[in-house]
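Student: sequence plus the predicted model coming up.
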Amino acid sequence: MVIKVLKNITNAKYHKDVISGKDGSIYCIIDGQHCSVPMVDDNTDYQEIKEQIAAGTLTVEASD
(Lines give C-alpha, C1' and ligand atoms only; values in the text may rest on other atoms or scores of the structure.)
Protein backbone atom coordinates (compact mmCIF):
# COMPACT_ATOMS: atom_id res chain seq x y z
CA MET A 1 0.00 0.00 0.00
CA VAL A 2 1.25 3.46 -0.93
CA ILE A 3 0.42 6.38 1.34
CA LYS A 4 0.70 9.79 -0.26
CA VAL A 5 1.44 12.72 2.03
CA LEU A 6 0.01 15.94 0.67
CA LYS A 7 2.20 18.99 0.85
CA ASN A 8 0.77 22.10 2.48
CA ILE A 9 0.84 24.62 -0.38
CA THR A 10 -0.38 28.18 0.25
CA ASN A 11 -0.14 31.70 -1.23
CA ALA A 12 0.33 30.35 -4.76
CA LYS A 13 0.72 32.90 -7.55
CA TYR A 14 1.82 32.56 -11.17
CA HIS A 15 5.00 34.44 -12.09
CA LYS A 16 5.83 35.61 -15.60
CA ASP A 17 9.13 34.70 -17.25
CA VAL A 18 11.15 37.86 -17.93
CA ILE A 19 12.13 36.84 -21.46
CA SER A 20 8.95 35.24 -22.81
CA GLY A 21 6.43 37.27 -20.80
CA LYS A 22 4.45 34.06 -20.19
CA ASP A 23 3.76 32.34 -16.88
CA GLY A 24 6.83 30.21 -16.22
CA SER A 25 6.77 29.48 -12.50
CA ILE A 26 4.58 29.55 -9.43
CA TYR A 27 5.64 31.41 -6.32
CA CYS A 28 4.19 29.77 -3.21
CA ILE A 29 4.82 28.52 0.30
CA ILE A 30 5.31 24.75 0.55
CA ASP A 31 5.36 23.30 4.06
CA GLY A 32 6.44 26.68 5.44
CA GLN A 33 9.20 27.31 2.87
CA HIS A 34 8.99 30.09 0.27
CA CYS A 35 9.47 28.49 -3.15
CA SER A 36 9.57 29.30 -6.83
CA VAL A 37 8.32 26.21 -8.64
CA PRO A 38 9.13 25.98 -12.37
CA MET A 39 6.17 24.93 -14.48
CA VAL A 40 7.91 21.81 -15.77
CA ASP A 41 6.08 18.49 -15.79
CA ASP A 42 9.11 16.60 -14.38
CA ASN A 43 9.11 18.80 -11.25
CA THR A 44 7.46 16.94 -8.36
CA ASP A 45 6.32 20.15 -6.64
CA TYR A 46 4.64 21.28 -9.88
CA GLN A 47 2.98 17.85 -10.17
CA GLU A 48 1.63 18.26 -6.63
CA ILE A 49 0.35 21.77 -7.41
CA LYS A 50 -1.47 20.49 -10.51
CA GLU A 51 -3.01 17.64 -8.50
CA GLN A 52 -4.26 20.01 -5.81
CA ILE A 53 -5.69 22.38 -8.44
CA ALA A 54 -7.52 19.46 -10.10
CA ALA A 55 -8.86 18.33 -6.71
CA GLY A 56 -10.13 21.84 -6.01
CA THR A 57 -8.01 22.26 -2.90
CA LEU A 58 -5.64 24.91 -4.31
CA THR A 59 -6.18 28.06 -6.34
CA VAL A 60 -3.27 29.89 -8.00
CA GLU A 61 -3.56 33.67 -8.27
CA ALA A 62 -3.01 35.20 -11.71
CA SER A 63 0.33 36.89 -12.42
CA ASP A 64 0.66 40.66 -12.54
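Tutor: Yep, that arrived.
Student: centroid-nearest residue for the chain?
Tutor: Residue closest to the average C-alpha location in the chain (C-alpha atoms, centre = their mean): residue 49, at 4.2 Å.
Student: what about that residue, distance to residue 60?
Tutor: According to C-beta to C-beta, to the nearest Å, residue 49 and residue 60 sit 7 Å apart. To be clear about C-beta, it is placed using only N, CA and C from the backbone, and glycine gets the same treatment.
Student: common neighbours of those two, please.
Tutor: With contacts taken as C-beta atoms under 8 Å, 6 or more residues apart in numbering, residue 49 and residue 60 have 12, 26, 28 as neighbours in common.
Student: which strand or helix spans the first one?
Tutor: Pointing back at residue 12 there. Using DSSP states H and E, residue 12 falls within strand 9-16.
Student: related to what we said a few turns ago, distance of the residue nearest to the centre of the chain from residue 64?
Tutor: Distance from residue 49 to residue 64, by C-beta to C-beta: 19 Å.
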